[in-house]
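Colleague: I need the structure of the sequence given here:
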Amino acid sequence: MKTDYTNNKADYMGIAGSALCLVHCIGTPFLLVGSALTPHNHLTISFLSLDYLFIGVNAIAVFLVTRHYAPPAIKRALWGFLLLFASSLLLESVSGIFHYVGYLASAGLVITHLINIRQHRLNHSH
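Modeller: Below is the predicted model of the structure:
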């Protein structure tokens, strides 16, 4: 029962991390334009370093979810989306396509975590 509780918390942590990353990625350009009008540029550095925080939070969440129990398809999907998510965030400056790949990977992480929560509920309700 304790592993179910931990897995659910990790799923919710992964959903929150991915959703916050989506909000961050969509909202940062607007904040950067606003901060360009002010003389302080430390805002740019702090917003860009949040990418590493999101990668870390999602990596911990995927590790905790797949550590004990997760169907093989969900394990592969979570690790695949995490790898795609991390690589797209790290390669954003190379090409603009990686922004969109990051959005898709983040959405994939959210959807896969939701599917995992549903699977846990279905397996434990019977």
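Colleague: low pLDDT regions in the chain?
Modeller: By pLDDT under 70, the weakly predicted segments of the chain are 1-8, 20-49, 124-126.
Colleague: again, only this time at 50
Modeller: 1 (pLDDT under 50).
Colleague: hey, where'd the helices end up in it?
Modeller: 2-36, 42-48, 50-67, 72-90, 97-125 (DSSP state H).
Colleague: for the last one, which positions count as buried?
Modeller: Put plainly, it is helix 97-125. 98, 101-103, 105-106, 108-110, 112-113, 115-117, 120 (16 or more other CB atoms under 10 Å). Just so you know, the C-beta spots here come from the backbone N, C-alpha and C atoms, and that holds for glycine as well.
Colleague: now do the contacts for the residue nearest to residue 77 when sequence neighbours are not counted.
Modeller: Distance criterion CB to CB, 6 or more residues apart in numbering; nearest residue to residue 77, sequence neighbours excluded, is residue 112 at 4.6 Å. Applying CB atoms under 8 Å, 6 or more residues apart in numbering, we find residue 112 in contact with 74, 77, 78, 81.
Colleague: from residue 94, how far off is residue 112?
Modeller: 26 Å (CB to CB, to the nearest Å).
Colleague: again, but for residue 13
Modeller: 29 Å.
Colleague: of the two, which one has the most company?
Modeller: With neighbours defined as other CB atoms under 10 Å, residue 13 and residue 94 compare such that residue 13 has more, 18 against 9.
Colleague: wait, isn't the more buried one in contact with residue 60?
Modeller: Yes: counting by CB atoms under 8 Å, residue 60 is a contact partner of residue 13 at 7.3 Å.
Colleague: just give me the neighbour total for the closest residue to residue 119 other than its chain neighbours.
Modeller: Of all residues not flanking residue 119 in the chain, residue 71 sits nearest, at 6.4 Å (CB to CB, 6+ apart). Residues within reach of residue 71, counting by other CB under 10 Å, total 13.
Colleague: got it, and residue 56?
Modeller: Using other CB under 10 Å, residue 56 has 12 neighbouring residues.
Colleague: thanks a lot, catch you later.
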